[in-house]
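**Student:** please work out how this folds:
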Amino acid sequence: QAFQETIEKVRVRLSLAPDKVTLFPGDCLKILPLPGYVNCAIFSPPYPGTLSINSGKGMQRVYGGDIAAEEVIGNYLEHPDNLSKKPEFYFNMSMKELYSKLYQSLVPGGYVCEIIQDHILAGKRVEVSLQHLRFMAGVGLVPVAVHKREFIGQLFAAFNRSKGLKTVGDEHIIVARKPV
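**Tutor:** Here you go, the predicted structure:
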């Protein structure tokens, strides 16, 4: 009930200030769709199986023992809607749902920008970025650009490489557009 009231307030606020930037904290699968209100959505999804309570403790150390940051991270990691806790199949189904809701929310000509990283499974690279390009195209989004860059958030990469594990050292920035 409270969540629906919040969404209604957001819808009213958007209609009063359509030229303003609005950030939506929370689960976008529950907030969207907002038909015709989104000019650009920028996000980086959590990847299936990459965040766990143990990695959260490492993340907490990065924040220098900041109690508020630790609480936010802990709540995120433990939340049942955390996509990183889902098996890859269910993660992909959630992402397909997200792209569909984004398509419904975008104004004609609106953009989606996703920062995503491939991952290693059974010693082989899984091309997550290619999967997501297909998912986007499947709902009608048209790829505009794909950029590959060195991944800057390698919190555990050096540790994993020191154990002889393969890691992915780059990420993709995918830009797609809803046709006009």
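**Student:** check which element follows the helix or strand encompassing Arg161 along the chain.
**Tutor:** Using DSSP states H and E, Arg161 falls within helix 157-162. Next helix or strand after helix 157-162 toward the C-terminus (DSSP H and E): strand 170-177.
**Student:** so what strands line up beside that following strand?
**Tutor:** Sheet pairing of strand 170-177 (DSSP bridges) gives strand 106-116 (antiparallel), strand 142-150 (antiparallel).
**Student:** list the buried residues in the lengthiest helix in the chain.
**Tutor:** Looking across the chain with DSSP state H, the single longest helix is helix 88-105. Neighbour counts over helix 88-105 (16 or more other CB atoms under 10 Å) mark 91-92, 94-96, 98-105 as buried. Every C-beta, even on glycine, is put in place using the N, C-alpha and C of the backbone.
**Student:** could you dump the residues you listed to a markdown table with pLDDT and distance to Leu165?
**Tutor:** Below are these laid out as a markdown table (pLDDT from 0 to 100; distance: CB to CB, whole Å):
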| residue | pLDDT | distance to Leu165 |
| --- | --- | --- |
| Phe91 | 87 | 21 |
| Asn92 | 89 | 23 |
| Ser94 | 91 | 26 |
| Met95 | 92 | 25 |
| Lys96 | 95 | 29 |
| Leu98 | 94 | 29 |
| Tyr99 | 96 | 31 |
| Ser100 | 97 | 35 |
| Lys101 | 96 | 35 |
| Leu102 | 95 | 34 |
| Tyr103 | 97 | 37 |
| Gln104 | 96 | 40 |
| Ser105 | 94 | 38 |
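**Student:** closest one to Ile174 out of those, please.
**Tutor:** Of all the buried residues of helix 88-105, Tyr99 has the smallest distance to Ile174: 10.9 Å, by CB to CB.
**Student:** let me know the pLDDT of the residue lying closest to the closest one once chain neighbours are set aside.
**Tutor:** Once flanking residues are discounted, Tyr99 sits nearest to Val139: 4.8 Å by CB to CB, 6 or more residues apart in numbering. Predicted confidence (pLDDT) for Val139: 97.
**Student:** just to revisit the earlier point, least reliable of the strands paired with strand 170-177 by average pLDDT, please.
**Tutor:** strand 142-150 (a mean of 89).
**Student:** quick one: contacts of that strand?
**Tutor:** 111, 129, 133, 136-137, 169-179 (CB atoms under 8 Å, 6 or more residues apart in numbering).
**Student:** with just CA atoms, put it into PDB.
**Tutor:** What follows is strand 142-150, C-alpha atoms only, in PDB (Å, rounded to 0.1, in the frame of the first residue of the first chain):
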ATOM      1  CA  VAL A 142      17.600  -0.200 -31.200                       C
ATOM      2  CA  PRO A 143      21.400  -0.400 -30.400                       C
ATOM      3  CA  VAL A 144      23.100   2.900 -30.900                       C
ATOM      4  CA  ALA A 145      26.600   2.300 -29.600                       C
ATOM      5  CA  VAL A 146      28.600  -0.400 -27.700                       C
ATOM      6  CA  HIS A 147      31.800   0.700 -26.000                       C
ATOM      7  CA  LYS A 148      34.300  -1.600 -24.400                       C
ATOM      8  CA  ARG A 149      36.500  -0.300 -21.600                       C
ATOM      9  CA  GLU A 150      38.700  -1.500 -18.800                       C
END
